[in-house]
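In: Sequence and predicted structure, then a few things I'm wondering about:
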Amino acid sequence: MFGRLLRKDGRKGEPVTFDGGVGLVSARVRDERGRPLSGAEMTLRHKRSQRLSTVKADDFGLAVCTASAGTYGVALSAGGYRESSHLVEVASGDHTALGDVELQPDTGLRLPEPGEWTIDPDHSSIRFVARHIGLSRVHGRFTSFQGRINVGQRIEDSAVEVVIDAASIDTAADKRDEHLRSADFLDVDRFPKLHFYSDRVRQVAGDRWQFDGTLNLRGASRGVRLDATYLGLRSWNGDRLGAVATTELHREDFTINWQQTIAKGLVVVGSTVEIQLDIQATRA
């Protein structure tokens, strides 16, 4: 069996093959300005069996899924947007194209009021992940840090500052932590703090934001981009906001060049470190 996918310009593209007894469902998901919503989810739920299939849209907002013949409820969703629901009949060997589907912003996701917000270290975390000898992923965290978020009259005019105690690194292995604190890695005696500051904030789409800033680590300052998801506001012991963010660092950029190899040239510690932040902040 085969069908045809839509090209980026909306016209029919090359045929694609898929197994007999199934059909193809596609949608091109866009935001309220008509821009592609990369990462939007398309979920198909079979009306009789309640079987679920979920796929993510590509960089052009195109989501494609195969499904056995039958009636399906199709939900298109993205963080910070209201869900769009559709009912489709999937026929064997046929392509059901929903075409362009525009999602509208979720007005219930309120942005924080202007002013200073303080990061709550008891309900926040700064974690990292690194590869070990190309096999496992070593997880660690920093247990001591402080920070503030200065929300501007326009969110784009906001600033974020975080200061981390380098010696608080914790990977649940004492010998490894001692090595990470040494001059081979963080050199905490000479550089006791890690410092991040950003005053360049940009909304990507819906609840997704980017923070471009500078990280000072081991005496070297480098540009760093945080990809953040805004989680909204809650009231609990005061007003709180929540966000998660990720970035990747290359330790050689910060002159952390220690390396050891094992058989066949495999490195003991990978050069790329994934940073994961989970933040709650309270109104100061």
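Out: Right, received. Where do you want to start?

In: So which residues of the stretch 151-284 of the chain form strands?
Out: Assigned by DSSP state E, counting those that start in this stretch, the strands in the stretch 151-284 of the chain fall at 159-165, 169-170, 193-205, 208-217, 220-235, 239-250, 269-283.

In: The stretch 1-150 of the chain too?
Out: With DSSP E, counting those that start in this stretch as the criterion, the stretch 1-150 of the chain has strands spanning 2-6, 12-17, 22-30, 41-46, 52-56, 62-68, 70-77, 84-90, 95-102, 115-119, 125-132, 136-142, 145-151.

In: Deepest-packed of these, please.
Out: By mean neighbour count, with neighbours taken as mean count of other CB atoms under 10 Å, strand 22-30 ranks first of these at a mean of 23. For glycine as for every other residue, the C-beta is placed from the backbone atoms N, C-alpha and C.

In: counting contacts, what elements does that strand pack onto?
Out: Judged by 3 or more CB pairs under 8 Å, 6 or more residues apart in numbering; DSSP states H and E, the packing partners of strand 22-30 are strand 2-6, strand 41-46, strand 62-68, strand 70-77, strand 84-90, strand 95-102.

In: how about the ones you listed in JSON lines, adding distance to Ile279?
Out: Formatted as JSON lines, these follow (distance: least, CB to CB, whole Å):
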{"stretch": "strand 2-6", "distance to Ile279": "39"}
{"stretch": "strand 41-46", "distance to Ile279": "24"}
{"stretch": "strand 62-68", "distance to Ile279": "30"}
{"stretch": "strand 70-77", "distance to Ile279": "24"}
{"stretch": "strand 84-90", "distance to Ile279": "30"}
{"stretch": "strand 95-102", "distance to Ile279": "31"}
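
In: For Lys175, which of these is the nearest?
Out: Nearest of the helices and strands packed on strand 22-30 to Lys175, taken as CB to CB: strand 41-46 at 43.0 Å.

In: Show me what that closest one is packed against.
Out: Applying 3+ CB pairs under 8 Å, 6+ apart, we find strand 41-46 packed against strand 22-30, strand 52-56, strand 62-68, strand 70-77.

In: The last one to strand 52-56, inter-axis angle?
Out: Looking back up the chat, that one is strand 70-77. For strand 70-77 against strand 52-56, the angle by axes from the mean of the first three to the mean of the last three CA atoms, to 10 degrees is 40 degrees.

In: ok now strand 70-77, how far from the chain's centre?
Out: Remark: strand 70-77 is offset 25 Å from the chain centroid, using CA atoms, centre = their mean, to the nearest Å.

In: which residues sit against that strand?
Out: 25, 27, 29, 40-48, 63, 83-90, 98, 101, 103 (CB atoms under 8 Å, 6 or more residues apart in numbering).

In: same check, this time on the third one
Out: Counting by CB under 8 Å, 6+ apart, strand 62-68 makes contact with 5-6, 18-19, 21-29, 36, 40-42, 44, 46, 53, 55-57, 76, 90, 92, all of which sit outside it.

In: related to what we said a few turns ago, closest one to Leu180 among the helices and strands packed on strand 22-30?
Out: Using CB to CB, the nearest of the helices and strands packed on strand 22-30 to Leu180 is strand 41-46, at 37.5 Å.

In: The closest one pairs with which strands?
Out: Neighbouring strands of strand 41-46 in its sheet, by DSSP bridges, are strand 52-56 (antiparallel), strand 70-77 (antiparallel).
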